[in-house]
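Engineer: Predicted model, plus sequence, below.
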Amino acid sequence: MPNPKATLLAATLTCAAAMTACAATPDSSLADELPGCYRASDATRYQAMQVELKADHTYYAEHQGHMGLWESGIGVWRQDGNKIDFSRDQVDDKSSLPSRLKIKHGPEGVTLHIPNGGILWEEPLTIRSCDGVGWQGTALNRKGAPPAIPAGEYTFQHRFAEHPSMPSVDMRVRFADGHITVTNTRPGTPFPLGVVAEGQLRWNGNVGRWIVARTPADVEATEVGACTEGPEVVDLEQRIYWTC
């Protein structure tokens with residue numbers, strides 16, 4: 001006749017082993033949710049980060065820092081429970097990611113939280129589309145410009161590179177046939193009325209910025225915008241025209 005206590009102990013051990021195995025197995029349904037593009041920006045520090053987690057478990061990441069400095073990296077990612085670990089294969093300049101991000105579920109779906117320390121952010125990385133003008137440097141593992149803005153007239157905000165949080169004026173910006181014209185329509189501002197900048201809208205791959213190019217050399221300039229002697233910069237995604 002079987003021993004009831006032995007039977008109960010065997011069942012308990014079997015259950016405990018099953019629970020341990022389940023706990024050690026990553027959530028496969030979560031892994032299916034993770035591939036995509038995650039973006040965040042800290043408006044108070046004028047920084048932005050975006051990470052594309054690819055379905056083949058490679059990634060592309062980019063960090064745009066204060067005053068337009070940017071860096072990027074590519075490598076391999078893997079899920080470890082409720083965290084993502086990164087193994088960097090290549091980093092331009094310096095690291096653009098911590099080695100690990102925490103996965104959280106929120107009202108907008110999966111978000112990636114950057115641990116405290118190192119680069120500080122006010123927002124988590126939330127999943128958004130990778131399509132657009134947000135990639136400032138090496139776009140999706142290949143050199144080249146992100147999509148330009150469609151032809152037409154837009155309202156851009158002017159910003160001073162030395163005082164990026166200082167309020168300024170709106171500018172009327174027109175794009176047509178690769179040409180850009182920036183016009184001030186408000187009197188009583190630091191700018192004269194009329195056209196304040198004009199040239200070809202060109203992508204400078206050396207610094208990863210759209211510029212107002214006046215000469216062919218501007219496209220190869222290694223210093224642009226801010227208070228350099230290089231061409232002026234326009235941020236097509238944020239609709240900002242930068243000057244010194």
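Structural biologist: Received the coordinates, thanks.

Engineer: so where's the chain uncertain?
Structural biologist: The chain contains residues with pLDDT under 70 at 1-32, 42-47, 64-72, 90-97, 108, 116-123, 129-147.

Engineer: mind giving me the domain split of it?
Structural biologist: Domain assignment for the chain, taken from automatic domain parsing, gives 28-128, 152-243.

Engineer: In a markdown table: these, plus mean neighbour count.
Structural biologist: Using the backbone N, CA and C atoms, a C-beta is placed for each residue, glycine as well. Formatted as a markdown table, these follow (neighbours: other C-beta atoms under 10 Å):
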| stretch | mean neighbour count |
| --- | --- |
| domain 28-128 | 16 |
| domain 152-243 | 16 |
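
Engineer: What segments of the chain are helices?
Structural biologist: Along the chain, the stretches classed as helices by DSSP state H are 4-24, 28-33.

Engineer: Would you confirm that Ala55 contacts Pro35?
Structural biologist: Yes: assessed by C-beta atoms under 8 Å, Ala55 is found in contact with Pro35 at 4.4 Å.

Engineer: beta partners of Asn204?
Structural biologist: Arg209 (DSSP bridges).

Engineer: That one contacts Ala217, doesn't it?
Structural biologist: No: counting by C-beta under 8 Å, Asn204 does not reach Ala217; the two are 10.6 Å apart.

Engineer: How about the contacts made by Pro231?
Structural biologist: Gly199, Asn204, Ile211, Val212, Ala213, Arg214, Asp218, Ala221, Val224, Gly225 (C-beta atoms under 8 Å, 6 or more residues apart in numbering).

Engineer: what's near enough to touch the last one?
Structural biologist: Same thing as Gly225. Counted by C-beta under 8 Å, 6+ apart, Gly225 has contacts Gly68, Ala161, Arg209, Ile211, Pro231, Glu232, Val233, Trp242.

Engineer: Dump those residues to a markdown table, plus distance to His105.
Structural biologist: Below are these laid out as a markdown table (distance: C-beta to C-beta, whole Å):
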| residue | distance to His105 |
| --- | --- |
| Gly68 | 34 |
| Ala161 | 39 |
| Arg209 | 36 |
| Ile211 | 41 |
| Pro231 | 44 |
| Glu232 | 43 |
| Val233 | 38 |
| Trp242 | 38 |
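
Engineer: List the ones among the residues you listed that fall in strands.
Structural biologist: Residues of the contacts of Gly225 located in strands (DSSP state E): Arg209, Ile211, Val233, Trp242.

Engineer: Let's have these in TSV, adding distance to Asp177.
Structural biologist: Below are these laid out as TSV (distance: C-beta to C-beta, whole Å):
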residue	distance to Asp177
Arg209	21
Ile211	17
Val233	21
Trp242	23
